[in-house]
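J.: Sequence below, structure please.
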Amino acid sequence: MYFYELHEGDNDQFSDLLLARETEMEPDVFFDIVQAIRRRVQDSYEQNSLVEAIADELEQDYEFIAITDDRLVAAVNVSKIEGDNFLAELDEDEDEEDGEDGDGDEDEDEEDGEGEPLTDAEFRSLYVDMDPSPDLRTN
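T.: Numbers count the residues shown, from 1 in each chain. Here you go, the predicted structure:
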């Protein structure tokens, strides 16, 4: 098994995606294919990020497997502190499709305390480099 990685980043958002392939592809060939796909999809993709759009194309046409959260079988939290080691829960799409959240109860529109329905969007982070003004209120 051979592994590859896609990075997407600008000043606002950073994304990484791992890919696997049973047969090796030379790095320069991989780069050329990724660039060709990027040029083709960059203005029209429907995925959350450009790397996800490119990964979808690599899966369809070049026998890659995107290593994504929805393919995880298990996730384990590991720590030196004994009580912080545990098998983490994974989101299961089947439960969501059945209208259940894993607790056996039918889901109603759950809310986040602000009156807005919760979404199943993936976690995203944003890095902001700021020089705060001392005149700004902090509360």
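
J.: which residues of this structure fall in helices?
T.: For the chain, applying DSSP state H gives helices covering 27-41, 50-62, 93-97.

J.: Show the average pLDDT along the shortest one.
T.: Computed over helix 93-97, the mean pLDDT rounds to 47.

J.: Could you point out which residue ranges in this structure have low pLDDT?
T.: When residues are selected by pLDDT under 70, those of the chain lie in 10-13, 92-130, 136-139.

J.: if you set the cut-off to 50 instead, what comes out?
T.: Residue ranges of the chain with pLDDT under 50: 94-113, 117-120.

J.: burial of residue 49, as a residue count?
T.: Residue 49 is flanked by 18 other residues according to other Cβ atoms under 10 Å. (Each C-beta comes from the backbone N, C-alpha and C, glycine too.)

J.: Please report the distance of residue 48 from residue 88.
T.: 22 Å (Cβ to Cβ, to the nearest Å).

J.: more crowded one of the two?
T.: residue 48 (13 against 9).

J.: Roughly how far does the more buried one sit from residue 20?
T.: The gap separating residue 48 from residue 20 is 20 Å, by Cβ to Cβ.

J.: Residue 50 now?
T.: Note on residue 50: its distance to residue 20, by Cβ to Cβ, is 20 Å.
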